[in-house]
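Trainee: Below are the sequence and a predicted model for it; my questions follow.
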Amino acid sequence: AINAELGAEGVLSAECEMLVHQYEDEIIQYIIDKAPPNATCAAINQCPGTNCGVCISIIQFLEDILPSNSSKAFIEFVLDSVCELLPDPNGEAIVDCAKVKTFPNITVTLAGKPFVLTPNDYILQEGAEGEELCLSGFIGLDLPPAIGELWILGDVFIGAFYSVFDFGKKQ
């Protein structure tokens with residue numbers, strides 16, 4: 001829910017959109033020609049070594065949901081939407097680096113004590129200016145409704161609030 005409020009997009013979805021934008025016409029033609037996913041991905045140079053990863057996932061997903069003998073227009077329509085449908089395996093999400101300064105502080109209250117995380121605490125910025133990638137430090141977990149919400153206070157929290165625990169004195 002937090003990532004949605006930040007306008008975050010799944011890492012896999014973002015990679016998918018770049019791939020589709022660059023190779024849409026070729027992907028459509030290979031699907032019409034019924035080429036296997038690994039052949040399609042190799043043909044558009046998306047298989048470094050033997051790993052075609054995201055590309056094969058996209059093509060396989062398309063083949064699974066498209067009816068046989070789909071028209072070029074229908075394949076294009078589905079291809080333009082497929083990236084939004086892909087699940088992110090690790091819940092990782094990226095945000096627009098230009099918007100980080102506008103993100104709110106997030107307060108976590110434990111035992112009545114508020115701990116405030118700033119965007120600098122919960123957004124990891126990697127790369128150089130103009131080539132930055134901003135990752136949300138929040139990762140969604142899909143749990144059964146019976147379990148309810150679960151929060152793991154990991155590196156985002158510990159990084160902002162270093163803690164020392166003394167088990168002997170229970171403090």
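Mentor: Okay, I see it.

Trainee: remind me which residues of the chain are low pLDDT?
Mentor: Within the chain, the stretches with pLDDT under 70 are 1, 49-51, 85-91, 128-130, 140-143, 163, 171.

Trainee: Okay, helices next: where are they in it?
Mentor: Under the criterion DSSP state H, helices of the chain are mapped to 2-5, 11-32, 37-43, 53-65, 72-85, 119-122, 155-160.

Trainee: what's the closest of those helices to Thr102?
Mentor: Proximity to Thr102 (Cβ to Cβ) singles out helix 119-122 among the helices of the chain, at 8.3 Å. Yep, even glycine has a C-beta here, placed from its N, CA and C like the rest.

Trainee: Could you pull out the buried residues of that closest one?
Mentor: Of the residues in helix 119-122, Pro119, Asp121, Tyr122 count as buried by neighbour count, 16 or more other Cβ atoms under 10 Å.

Trainee: Any idea how far that helix is from the middle of the chain?
Mentor: Its chain's C-alpha centre and that of helix 119-122 lie 18 Å apart, by Cα atoms, centre = their mean, to the nearest Å.

Trainee: List the contacts of that helix.
Mentor: With Cβ atoms under 8 Å, 6 or more residues apart in numbering as the test, helix 119-122 has contacts from Val100, Lys101, Phe103, Pro104, Asn105, Ile106, Ser136, Gly137, Phe138, Val156, Gly159, Ala160.
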